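Engineer: got a predicted structure plus its sequence, pasted below:
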Amino acid sequence: MAHTDKTKREKERFVALSFCRADLLFELNDNREIEFVAGATPVLLGKDAQEMTTTPFSDYIHKEDVKLVNELLDTASNKGRLDDATLHLKGPKGLKLRVSLSGYRVPDFNNHFFLALKVDPHRGGFGKIEPLKREEETNLLETESFAQAASERVTSFIHAGGDAQVSMLKVNHLDKLLNTVGATDKQKLLGEIGSILSESSLGGDTASRIDDTSFSFAHASAVDTQTINEKIEALAAQIHPDGDMVQAISSTLDVDGAGMSEDQVARALIHTMQRFCENKGSVRENALSDVLSGMMTNTVKNVGFIKEVAKNVDFDIHFMPINDLKRGYVHHFEGLLRFKGERSKESPYHMICLAEEVGIICDLDMAVVKKSIERVHHFRQTHFLPPLAINLSGISLGNDKFMHTLYNMLKDSPEMSGHLLFEITESARIEDLPKVNRILQSIRKLDFEVCLDDFGAGAASFDYLNGLDVDVVKFDGPVVKRAYSTEKGNDLLRAMSNMCHDLNIHTVAEMVEDEAMAKHMQDCGIDFGQGWFFGKPDPDPIQYASKFAPTSKVHRK
């Protein structure tokens, strides 16, 4: 009897020790049914441990990860261990519960899997997208959602002993084919491309559309990417006789881990996808760790470059016209930063994002304000010039020192009032709306108007419009394109435009590329248009002088 009590006590001690690093413990048989479970199952899974015995383990996995967990266990069966893989349980009422899973097969217990699951609410600093966002036409993940999901899944797959890869796929002439076929065939083609990539990806849902002709997917190394290419080419040829011009080409990177965190993998993926598009469908590296190494080297170099150009105000401002849709004249310009020298052909977008990430955007924004004032002074000496809109990051708006300096600069330059306005970008970075609004109103009282950029890009846009008193809103490009191409998009843009006018706020539509689109925006009640139809950014705004009106200030109603 004493021996039995001692044995029972030892078992209890081992279970107690196991819970030092776990919230749930499982034993799975060869069919992956639960032989034993212990832990906070009523709280985390909504069931008592006794109810769960003999039921499939997959019943308690969130539907998005069911295929993934089977892949992880298949892979770990060969290695024998599974270390800190990330997946999601299906909690009470469908709650998606993020956990870290570790385990191993125990020969002495019929080779059963013993698993320890720990609730892991932490998510890396890169992404907090929930739910994951999808591209409409293909149902594939959007770029940042893909990076977030792929970083978790490839890391888990590696921890289970698998070899993971990420492939970038360029489908040449896909855009031409999509312009040739009808709406039904276009939907079928894009939908089936999405299905082909998803089915071959980790977890059955780790694929993305990068741009019109580029895709990416994370997969096991056993997946033959050439077969994927051939399937897509055959699909295109089947859809339309002109489909035989489509050519699919892949570039594949090993995800070798190399001590990379999920956050680093996600950043490396985003960087690779951006470079893949810029380099017209090619990547130079062989592994994501090589990408990360290059990124770190380039980051140090680029941060130094940004600091130097900000300190010396050594860059150009290009003027992009924004025209009155009814009268046709240039109403005002948007000032766009452009670097000089060997970087003059590069888009500054990535540098601006880097400046925001490493906390030096305030220096760059202030340099842009100074340069813009200098450029406006220069051109106004000999010519009339419509107002210039200067972009300010939401991070800068939340910086007390930056806003104090800006206010004093504007207060000391009354001759600039009515000749400058400020466009708020990255409004999602604003943490204290009431505080920022108070500062913006002090600037508006000096006769400098304020525009809210990227309006309609997300539901939070209305929170910013409600929290910030502004003079102008600029509708996001995709919103404008949907309004031009779909009846629903048109109705939504018209409704938002009417709402803004009721609030005495003027409206701008960006990405207006032709006359028909400009007319459509006018019909939707939009006041001003921006896009290549009206003119491209140029260092000399006077080239647009024939379109200047006697007065172009953005008048409040």
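Structural biologist: Received the coordinates, thanks.
Engineer: would you check that residue 366 makes contact with residue 403?
Structural biologist: No. Between residue 366 and residue 403 there is no contact under Cβ atoms under 8 Å: 10.4 Å. Heads up, the C-betas are built off the backbone N, CA and C, glycines and all.
Engineer: just the strands in the stretch 251-400 of the chain please.
Structural biologist: Assigned by DSSP state E, counting those that start in this stretch, the stretch 251-400 of the chain shows strands spanning 316-324, 330-338, 388-393.
Engineer: save these as JSON lines, and put in mean neighbour count too.
Structural biologist: Putting the strands of the stretch 251-400 of the chain into JSON lines (neighbours: other Cβ atoms under 10 Å) gives the following:
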{"stretch": "strand 316-324", "mean neighbour count": "23"}
{"stretch": "strand 330-338", "mean neighbour count": "24"}
{"stretch": "strand 388-393", "mean neighbour count": "24"}
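Engineer: can you list the ones you listed in a markdown table and add distance to residue 471 and mean pLDDT?
Structural biologist: Converted to a markdown table, these look like this (distance: least, Cβ to Cβ, whole Å; pLDDT from 0 to 100):
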| stretch | distance to residue 471 | mean pLDDT |
| --- | --- | --- |
| strand 316-324 | 13 | 97 |
| strand 330-338 | 11 | 96 |
| strand 388-393 | 11 | 95 |
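Engineer: overlap in contacts of residue 366 and residue 403?
Structural biologist: Counting by Cβ atoms under 8 Å, 6 or more residues apart in numbering, the shared contacts of residue 366 and residue 403 are residue 396.
Engineer: that older thread, now the strands of the stretch 251-400 of the chain in JSON lines, with distance to residue 380?
Structural biologist: Shown next, in JSON lines, are those (distance: least, Cβ to Cβ, whole Å):
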{"stretch": "strand 316-324", "distance to residue 380": "13"}
{"stretch": "strand 330-338", "distance to residue 380": "13"}
{"stretch": "strand 388-393", "distance to residue 380": "10"}
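Engineer: which among those is found nearest to residue 159?
Structural biologist: strand 388-393 (37.2 Å; Cβ to Cβ).
Engineer: identify all contacting residues around that closest one.
Structural biologist: With contacts defined as Cβ under 8 Å, 6+ apart, strand 388-393 is touched by 319, 322, 332-337, 352, 356, 361-362, 365, 368-369, 372, 375-376, 419-426, 429, 451, 453.
Engineer: and those, which are buried?
Structural biologist: By neighbour count, with 16 or more other Cβ atoms under 10 Å, these hold 319, 322, 332-337, 352, 356, 361-362, 365, 368-369, 372, 375-376, 419-426, 451, 453 as buried.
Engineer: can you point out the buried residues in the longest helix along the chain?
Structural biologist: As assigned by DSSP state H, the longest helix anywhere in the chain is helix 288-312. By neighbour count with 16+ other Cβ under 10 Å, helix 288-312 contains the buried residues 288-292, 295, 302-303, 306, 309-310.
Engineer: so for the residues you listed, which is the shakiest by pLDDT?
Structural biologist: In terms of pLDDT, the lowest of the buried residues of helix 288-312 is residue 295, showing 70.
Engineer: so it touches residue 268, yeah?
Structural biologist: Yes. Between residue 295 and residue 268 a contact is recorded at 6.5 Å, counting by Cβ under 8 Å.
Engineer: where along the stretch 151-300 of the chain do the helices fall?
Structural biologist: 174-180, 183-199, 225-239, 262-278, 288-312 (DSSP state H, counting those that start in this stretch).
Engineer: show residues contacting the first one.
Structural biologist: Under the contact criterion Cβ under 8 Å, 6+ apart, helix 174-180 has outside partners 186, 189-190, 212-213, 236, 239-240, 242-243, 245-246.
Engineer: at 10 Å what do you get?
Structural biologist: If you take Cβ atoms under 10 Å, 6 or more residues apart in numbering as the criterion, helix 174-180 is touched by 137, 171, 173, 185-186, 189-190, 193, 211-215, 232, 236-237, 239-248.
Engineer: chain center to it, what's the gap?
Structural biologist: Centre-to-centre, helix 174-180 and its host chain are 26 Å apart (Cα atoms, centre = their mean, to the nearest Å).
Engineer: list the buried ones in that helix?
Structural biologist: So for helix 174-180, counting by 16+ other Cβ under 10 Å, buried means 174, 177-178, 180.
Engineer: redo the residues you listed as JSON lines? Include pLDDT.
Structural biologist: JSON lines is the format used below for these (pLDDT from 0 to 100):
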{"residue": "174", "pLDDT": "94"}
{"residue": "177", "pLDDT": "93"}
{"residue": "178", "pLDDT": "91"}
{"residue": "180", "pLDDT": "90"}
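Engineer: picking up where we left off before, between the helices of the stretch 151-300 of the chain, which gets nearest to residue 147?
Structural biologist: Nearest to residue 147 among these is helix 262-278 (4.2 Å), distances taken as Cβ to Cβ.
Engineer: next, the angle from the closest one to helix 288-312.
Structural biologist: Here helix 262-278 points in a direction 80 degrees away from that of helix 288-312 (axes from the mean of the first three to the mean of the last three Cα atoms, to 10 degrees).
Engineer: what helices and strands are in contact with helix 262-278?
Structural biologist: Applying 3 or more Cβ pairs under 10 Å, 6 or more residues apart in numbering; DSSP states H and E, we find helix 262-278 packed against helix 143-159, strand 164-172, strand 207-211, strand 214-220, strand 247-255, helix 288-312, helix 349-357.
Engineer: nearest to residue 133, of these?
Structural biologist: Residue 133 lies closest, by Cβ to Cβ, to one member of the helices and strands packed on helix 262-278: helix 143-159, at 4.7 Å.
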